[in-house]
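>>> Structure, please.
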Amino acid sequence: MNGILMMVIAIVVLGGAYLLYGRYLQNKWGIDPNAKTPAYELQDGVDYVPADTNVVFGHQFASIAGAGPINGPIQAAVFGWLPVLLWLLVGGVFFGAVQDFASMYASVKNKGRTIGYIIEEYIGKLGKKLFLLFCWLFCILVVAAFADVVAGTFNGFTVPEVAGQAVEKISANGAVAMTSILFIFEAVALGMILKYAKLNKWVNTAIAIVMLVAAVVIGLNCPVYLTRETWHLIIFAYIFIASVVPVWALLQPRDYLNSYLLIFMIVGAVVGIFVSNPSCNLQAFTSFNVDGQYMFPILFVTIACGAVSGFHSLVSSGTASKQIKNEKNMLPVSFGAMLMESMLGVIALIAVASFAKGEAAAQGLTTQPQIFAGAIANFLSAVGLPHNLVFTLINLAVSAFALTSLDSVARIGRLSFQDSS
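A predicted model of the protein is given here:
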């Protein structure tokens, strides 16, 4: 098994699943393209705001992915590449994509209500209150975890390993932090353009790409250096604001911007895999028990995002369903975004498999995002791209995943708290 063969299998399975199984479900469930969606019926300018398919797709994909489909497959690779690949494809198609589509479908057909309200209708008020309590506590946990991940990615200084050791600046982290800050301000400007200028969608796309490139160039040349603790405070202040402002003013355009960065990352990674054709240095299967960790359930716990995750249903019914313009858009936004996430998981698997045993650690790649970024940089070096530049850009994309998920989970937590009253 090599990288190209693994990639071809993933493309055929996931692409075929969308064209055949996804469309079968769409026809079976009775999607009505003439029905008035909640985004129009209950439009309030805050949460219920109709948006183009590519904008909602960007929000859905960036929100559900986070760092999960990168971290999970790399962690689960200790059991071998075969169980990881099977779960990413089988789980992604028959569990994750169906769940995401079903939760969005149920919400759109019930006036954009969250899963909590749907539970109340079919189970009762106690079921709704228990679910919303769990959801709110879950959101607090995710916010804490992802905020720490993002703060670590933005941290501009090394931590001395021994007393008296000099503190050094981390230029890659400083560039990522600066670019991410610019993304936020550019998102506000783009939100104004999308809402008031009423330009052609291709013009909007061109503006978004120009903004994206400008932010990356400025970030690489003007890095900002702050401590991890300072970034924690800034991030918490930011997500507090992001959870209450109208979606058109920040959430939609920021996710729209980030989606291009994330898609460019995936396309670049696929190109790199086909050019370099990395070998697979993992065994197909190692053992059901690795260092006291059993494949059941650890494989399915680590590869949650990438195959199936309950958090996805919260995004599908909590935010994305309130932005759907037409019921026919639900298939690409929910089913399609989940399959794209599974594809990202396969890329992460190929990335970790490309390293020989101990090679990643020898290169100073100790965390899952670093291993992923290092591997993709190695792949794209084969086409002549600078390794350090690609490594920084991939780290930027990973942090964009995590920060976008923070936006969404904070808003979902706010809605859960609001709905439970």
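>>> List the contacts of the nearest residue in space to Phe288 that is not next to it in sequence.
Leaving out its chain neighbours, the residue that sits closest to Phe288 by C-beta to C-beta, 6 or more residues apart in numbering is Met295, at 4.8 Å. Bear in mind the C-beta positions are built from the backbone N, C-alpha and C, glycine included. Listed by C-beta atoms under 8 Å, 6 or more residues apart in numbering, the contact partners of Met295 are 79, 83, 287-289.
>>> same thing with Val49?
Applying C-beta under 8 Å, 6+ apart, the residues contacting Val49 are 39, 43, 246-248, 252, 322-323.
>>> Please apply the same query to Ile273.
Going by C-beta under 8 Å, 6+ apart, Ile273 touches 3-4, 7, 347, 350, 379.
>>> Now the two most distant members of these.
Greatest spatial distance in the contacts of Ile273: Ile4 and Ile347, 12.4 Å, computed using C-beta to C-beta.
>>> Between the two, which is the more surrounded one?
Higher neighbour count among Ile4 and Ile347: Ile347, with 26 against 15, using other C-beta atoms under 10 Å.
>>> What separation is there between the closest residue to that one other than its chain neighbours and Leu82?
Distance criterion C-beta to C-beta, 6+ apart; nearest residue to Ile347, sequence neighbours excluded, is Ala269 at 4.9 Å. According to C-beta to C-beta, to the nearest Å, Ala269 stands 21 Å off from Leu82.
>>> what about these two, which has more around it?
Looking at Ala269 and Leu82 with other C-beta under 10 Å, you find the greater number of neighbours at Ala269, namely 26 against 14.
>>> about what we covered before: now render the contacts of Val49 as TSV, adding neighbour count and pLDDT.
Formatted as TSV, those follow (neighbours: other C-beta atoms under 10 Å; pLDDT from 0 to 100):
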residue	neighbour count	pLDDT
Ala39	23	94
Gln43	14	92
Pro246	15	86
Val247	27	82
Trp248	20	83
Gln252	25	78
Lys322	28	93
Gln323	27	93
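>>> Please list the members of the residues you listed that lie in helices.
Counting by DSSP state H, the contacts of Val49 place 39, 252 in helices.
>>> Go through the contacts of Val49 and name the one nearest Gly16.
Ranked by distance to Gly16 (C-beta to C-beta), these are led by Gln323 at 28.1 Å.
>>> mind pulling up the phi and psi values for the closest one?
phi -120, psi 0 (degrees, to the nearest 10).
>>> wait, what's in contact with Leu261?
By C-beta under 8 Å, 6+ apart, Leu261 lies in contact with 212, 396-397, 400.
>>> which parts of stretch 120-136 are buried?
Neighbour-count burial for stretch 120-136 flags 120, 128, 131-132, 135-136 (criterion: 16 or more other C-beta atoms under 10 Å).
>>> Report the mean confidence score over it.
Averaging pLDDT along stretch 120-136 gives 85.
>>> Name the residues that touch that stretch?
With contact meaning C-beta under 8 Å, 6+ apart, stretch 120-136 is reached by 110, 115-117, 119, 314, 412-413, 416-417, 419-420.
>>> on that earlier part again, would you format the buried residues of stretch 120-136 as CSV with distance to Ser63 and secondary structure included?
Shown next, in CSV, are those (distance: C-beta to C-beta, whole Å; DSSP: H, G, I helix; E, B strand; the rest coil):
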residue, distance to Ser63, secondary structure
Glu120, 24, helix
Lys128, 23, helix
Phe131, 20, helix
Leu132, 19, helix
Cys135, 15, helix
Trp136, 17, helix
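>>> and of those residues, the nearest to Asn200?
Cys135 (38.7 Å).
>>> measure the closest one to Leu314 for me?
Separation of Cys135 from Leu314 (C-beta to C-beta): 6 Å.
>>> Residues in contact with both of those two, list them for me.
Common neighbours of Cys135 and Leu314 are listed as 115, 412 (criterion: C-beta under 8 Å, 6+ apart).
>>> Ala62 - nearest residue in space that isn't next to it in sequence?
Thr404 (3.9 Å).
>>> does that neighbour count as helix, strand or coil?
Recorded secondary structure, Thr404: helix (DSSP: H, G, I helix; E, B strand; the rest coil).
>>> ok, it - contacts?
Counting by C-beta under 8 Å, 6+ apart, Thr404 makes contact with 62-63, 66, 254-255, 258.
>>> mind running it again at 7 Å?
Shown in contact with Thr404 (C-beta atoms under 7 Å, 6 or more residues apart in numbering): 62-63, 254-255, 258.
>>> What segments of this structure are strands?
Remark: strands assigned in the chain by DSSP state E are 289-290, 293-294.
>>> Cool, thanks, signing off.
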